[in-house]
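# model this:
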Amino acid sequence: MAQARPSMQELIGRRKRAGFVGRRGELDLFRGNFDTSPEDERHSFVFHVHGTAGVGKSSLVRELEAVAAQRKAITACTDETVNSVPEAMAAISAQFARQGAELKSLDRLLATYRQRRHEAETASAALEADADPGLSAPPSPGSMAASQAGLIGLGMVPVVGAFAGAIDPAQVAHGTDRLRAALSARFRNHDDVRLVLEPLKVLTPVFVDELGRVAAEAPWVALFFDTYERTSPFLDPWLLDLITTDRYGALPANAVFTLAGQHGPDPARWADNAELITEFALEPFTESEARQLLAAKGLVDETVVREVLRLSGRLPVLVSTLAENPGAVDDPTATAVERFLKWEGDPAKRDVALRCALPRTLDEDVFRASMTDEDTEGLYEWLRTLPFVSERAGRVHYHDVVRTAMLRLQRTRSPRQWAERHARLAERFGGWRAEAEEGLEPGELWSDEAWRELRLEELYHRLCARPQGVLREVFRDVVSACRAGEVAIRGCVQVVVDVGEQTDAGLVRAWGRDFLEALSDETEGLLRLLLDRADLDTFGCAEAHCLWGQELRRKREYERALAEYDKAVALAASAEAYYGRAFTRARMGDDEAALSDFERAVELRPDSAEILFEWGESLRVTGRPAEAVETFDRALALDPAYAKAWASRASSKHTRGDTEGALADFARALEIDERYLWALIHRAKLYRDLDRLDEAFTDLDRAVEIAPDSAWMASERGDAYRLAERYEEAVEELGRACELAPDRVSACAGRAFALDRLNRAEEARAAYDRALVLDPDYVWALGNRADLRQREGDEGGAFEDLDRAVAVDGQGGWWALSMRGVAHAEAGRHEEAVADYDLVRVRKPDLWWVWDHRKRSLFALGRGEEAVVDLDRFLESDPDNARLLEIRGRARSELGRYREALRDLDRAIELTPDAEWLYEERARTSIAAGRLDQALSDLRRNSPSLGWERRRTVDVLLWQGRDDEAVRLLDDMRETARQQDDVDGVSVCWIGDVLTGRWGSARRATDWLCENSPESGWFAVALTIAVREGLRAAETWGRRFLAQDDADTEVDRMLLGYVRGDGARADASLSRILSGPHDWEDLADAAFWLTFLTRCPDADPAYFGPRLSRVIAARDAFQARYAE
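Presented below is the predicted three-dimensional model:
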């Protein structure tokens, strides 16, 4: 097969290298390195070439690369055209491919990375707007993260470089997990999430594997990194890790790295590895080397040689250029540039060389734009052969030393022509830039690489033409570039730096220097510099204030951020300014002002679905679901495929009780984006509220499948297990969340809660302690640890935690106060409990359960009427509050005001007919009032299962004399009651057995009760003996095994007194039942047991008859009083 002919570029490179002289020592040492085995301690893995501009570093690198190629090495060389580590990898891969060593796996991954990174920036921008933490437990103050912290931590978010270092590392860590989950929802492949969040961790191992594969098939692999002074900020830490650690895998031993820049190895990084590096510190040519180069070019005339040595200072690039035409060096007073060009006799070519020095880089289009004469045939190819011209990435570059001299010559020789030529180039770049703008949104321009490069060159030439007049325009562009990230910012700054150096304009040079300093200043940064000193126009100043406000907000400096947004609004009432201020006010808890700003932003941009969505979100999270739904409707009318708006509208409908509408909206959101985690998580919560737990966990399982390494997802599923009382699974899943993110305090505290419910108190306490080490102010953990400590008898420690939680919760907090109120009540300190509950009512007046607990404490203090009065007052303003109607109903029932109680419960049921617990409450109150038909109807509403409803149904049937129906129910529940250790259930079954004379079954029931609840068992045995053998037999048993104190209620004390033969005590209890506070059930129970006693063989009708008659009369009178 015929060998392929070399390309033009290869031929040009060969000709240039053919004239290379000098640097023999460096070349010999580098060449000899390939003769030394990597195992030999004399072998060098890293070479570092450094020296001043023009000293010949790039030329030497080309020679070193040629030497490596001669030794059959696969080579690649990068320079300042790469702007990141992934770009450097891409450049290396492309060069390897041209040598037949394709890195296909790396290329595929890089292509995915470029695509996913763009999508990630969009997802990151959306994070700050989503205030929902996705956690059931209240979020800790320390867990609030900057919205883009994840990407900032990677140095790849659109944020001013100077500010990245100012972000709290803890915020970065927390933000990364939320971002990881957001990206997991967006990307189908979980590996893509890691690729975006940790590009070096994902790309570099593949890069290393590919290097290893290539190195296994080639003698050597040689990588060169030229112009390292420009690329070292991002390449140096990566290369250090790559070369000196196994973080990314094992590098092949036959790989050699060469770095070339103006500065030597950074001692702060490479000091511990200095022995690995062979330094080539380049100086200008020695006179001998310079003469050797001149001789190689045929220049031997001593007069001319001396003049070249004088003019060049023996700087290799100048020696080489002046040596190209020895006959031209005849005027010792001529400038160096004139010497560069005088050898070219064709004035047109001389003019081409000068004109082409004006652009910073050239391709054929820029070359033609630099010319005025249409006849440029062949001149571009000629230009590329010049000794001071190199080609990188398809573009032509002049050597900095030569270009600087040429620019200075043109600027000083004819300032007017200089300005005209730059203005013409600026106009041409502006035209190309306008073409590239088509199809791009205004906010996308600086993020578009093609548009950005054209705009930067346009700015460069405009600024060169009119340094003073264009500077304000450049300032505005710098502000705009801040939205697109560090590449755009540094591009703008480099324009100012280059123009300052190349025009000798003092003001521009000063700004360039200040910009560079600002980029490394973590305190103030670029925007502060612009705001303080740049003469920005009104809109530019407003935009800068907006951006600075945004950065301050992301650092959680809300007061300062708000001040910046206020300035922006005062300068120019833009939607962006109101939008940013709304977010800031929301973070500060000023919800009303935030909503007002969102509304104003919508007025200024009514066609923005995004702003409408964020306004709707703010309405949703501030508890205005109806208005939120209307706002989401408007957003969806503008963008029917807006998945986030569908999901948030679903959440708002859920809050309003429109569960069917919510499910439909969630379904639509997930139809648009089936990997939308937020929608899956919140639909799972809706399913949980509907008691559709299987579907809830299906959604949660799907979320974990999408983002298996997300601590957020693990926390959500773990918390769902906890709320579903599946505590074993909760402990496991929340433990996994803690492993994924050891500092995830909510997962740690949630796990502690689950451990506590599993009676693993010691582990629970340790987990709470760990959570509070991570965040000592985590209110939820403090409150729940206090509950655990109180149950363990550590009351002092419990209130220490609760007092701390209340202090942290602040003036507007209510949760910690409510927890402390409950703890006071449980400790019997009801006055303190009521004081805490009253504060909660002020801060959270609609918190129904606090009203309930407050009622209990007031009743414990004998202030039940006060509880009802307070409820009356609140219900005047909210008469349809079903929860508070229920609580007032129970309070009125406890006060014996049954008619009013039942009216409250009837109204609550009318308002919420699906609330099953209301029917239970009405059944209780109906029993207390003697309305048995209503009670039975409510109890039977759900075909009562084992438990309270079935036992109470049996009670009602027995009171009504429907013993057969009662017994049938008892037969169904007997075995299950024993299996579930239901003492009350077995006791009711025993009564049925006794009433029906099933003594064997009754004996088994009493045996079980004696074993599992001795007091209940002995009492049942005594009553069984009484009804079978007589009261005298029972009296002997009762006096032996039962004490009067064993009874808890007045009815039990009455019954126990009669069984033990202590009639006086029994009659005293009976009198108290009849004369003291009682309800219908107390009288009905007394009548039931007196009837039971009359069945005893030796019962005296004359004794029990009058007593039973008095109770029945009282019972029936009570029932008649409250009859419907």
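# list phi and psi for A76.
phi -160, psi 150 (degrees, to the nearest 10).
# quick one: the strands in the chain?
46-50, 73-78, 220-225, 255-261, 277-281, 389-392, 395-398 (DSSP state E).
# got a list of what the closest residue to L240 other than its chain neighbours touches?
Leaving out its chain neighbours, the residue that sits closest to L240 by CB to CB, 6 or more residues apart in numbering is R269, at 5.3 Å. Where C-beta positions appear, they are placed from N, C-alpha and C, glycine not excepted. For R269, the contact set (CB atoms under 8 Å, 6 or more residues apart in numbering) comprises 236-237, 240.
# surely R668 is in contact with S648?
No. Taking contacts as CB atoms under 8 Å, R668 lies outside contact range of S648: 11.9 Å.
# out of these two, which sits in the more crowded spot?
Neighbours per residue, other CB atoms under 10 Å: of R668 and S648, the larger number sits with S648, 30 against 19.
# give me the contacts around stretch 1102-1116.
930, 1063, 1067, 1070, 1073-1074, 1080, 1083-1084, 1086-1087, 1090-1091, 1093-1094.
# what mean pLDDT does that stretch have?
Taken as a whole, stretch 1102-1116 has a mean pLDDT of 95.
# do the same with stretch 371-385
80.
# just the endpoints, please. Distance across it?
18 Å (CA to CA, to the nearest Å).
# show me the contact partners of it.
8, 12, 15, 348-349, 352-353, 355-356, 362, 364, 367-368, 389, 391, 396.
# and the residues you listed, which of them are buried?
12, 352-353, 355-356, 362, 367, 389, 396 (16 or more other CB atoms under 10 Å).
# just to be sure, which of these are found in helices?
Counting by DSSP state H, those place 12, 352-353, 355, 367 in helices.
# can you name the two of these that sit furthest apart?
I12 and R355 (20.6 Å; CB to CB).
# reformat the strands of the chain into JSON lines and put distance to D743 and mean pLDDT next to each item.
Below are these laid out as JSON lines (distance: least, CB to CB, whole Å; pLDDT from 0 to 100):
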{"stretch": "strand 46-50", "distance to D743": "37", "mean pLDDT": "93"}
{"stretch": "strand 73-78", "distance to D743": "37", "mean pLDDT": "95"}
{"stretch": "strand 220-225", "distance to D743": "37", "mean pLDDT": "96"}
{"stretch": "strand 255-261", "distance to D743": "37", "mean pLDDT": "94"}
{"stretch": "strand 277-281", "distance to D743": "38", "mean pLDDT": "89"}
{"stretch": "strand 389-392", "distance to D743": "45", "mean pLDDT": "80"}
{"stretch": "strand 395-398", "distance to D743": "47", "mean pLDDT": "87"}
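# these: which one's closest to R1039?
strand 255-261 (97.5 Å).
# residues in contact with the closest residue to A1005 other than its chain neighbours?
Taking CB to CB, 6+ apart, and ignoring the residues beside it in sequence, A1005 has W990 as its nearest neighbour in space, at 3.9 Å. Applying CB under 8 Å, 6+ apart to W990 gives the contacts 1002, 1005-1006, 1009, 1020, 1024.
# same deal with V840?
Per CB under 8 Å, 6+ apart, neighbours of V840: 814, 817-818, 821, 847, 850.
# could you check how far it is from W851?
Per CB to CB, to the nearest Å, V840 is found 9 Å from W851.
# now do the helices in the stretch 301-450 of the chain.
302-312, 316-323, 336-342, 347-355, 364-370, 379-383, 400-413, 415-436, 449-465 (DSSP state H, counting those that start in this stretch).
# adding distance to E39, write the ones you listed out as a markdown table.
Output for the helices of the stretch 301-450 of the chain, formatted as a markdown table (distance: least, CB to CB, whole Å):
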| stretch | distance to E39 |
| --- | --- |
| helix 302-312 | 44 |
| helix 316-323 | 36 |
| helix 336-342 | 48 |
| helix 347-355 | 51 |
| helix 364-370 | 49 |
| helix 379-383 | 47 |
| helix 400-413 | 40 |
| helix 415-436 | 53 |
| helix 449-465 | 44 |
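# relative to V967, which of those is closest?
Of those, nearest to V967 by CB to CB is helix 449-465, at 84.8 Å.
# and P845, backbone torsions?
phi -60, psi -20.
# that one and A628, how far apart?
21 Å.
# how about the closest residue to Y578 other than its chain neighbours, what does it touch?
For Y578, ignoring the flanking residues on the chain, the nearest one in space by CB to CB, 6+ apart is A601 at 3.9 Å. A601 makes contact with 575-576, 578-579, 582, 608, 611, 615, according to CB under 8 Å, 6+ apart.
# what about the stretch 851-1000 of the chain, any weak spots by pLDDT?
942-946 (pLDDT under 70).
# what residues are up against V497?
512-513, 515-516.
# tell me the pLDDT at it?
According to the model, V497 scores 92 on pLDDT.
# swap in S520?
With respect to pLDDT, S520 has a value of 70.
# how close does it sit to G394?
Counting by CB to CB - S520 and G394 are separated by 32 Å.
# next one: K297
29 Å.
# per-domain residue ranges of the protein.
Using automatic domain parsing, the domain ranges for the chain come out as 25-33+44-102+200-283, 288-342, 710-775, 863-939, 1013-1124.
# which of these is buried the deepest?
domain 710-775 (a mean of 22; mean count of other CB atoms under 10 Å).
# ends of that domain, how far apart?
21 Å.
# for it, what is the distance to the chain centroid?
Distance of domain 710-775 from its chain centroid, counting by CA atoms, centre = their mean, to the nearest Å, is 19 Å.
# understood, closing this out.
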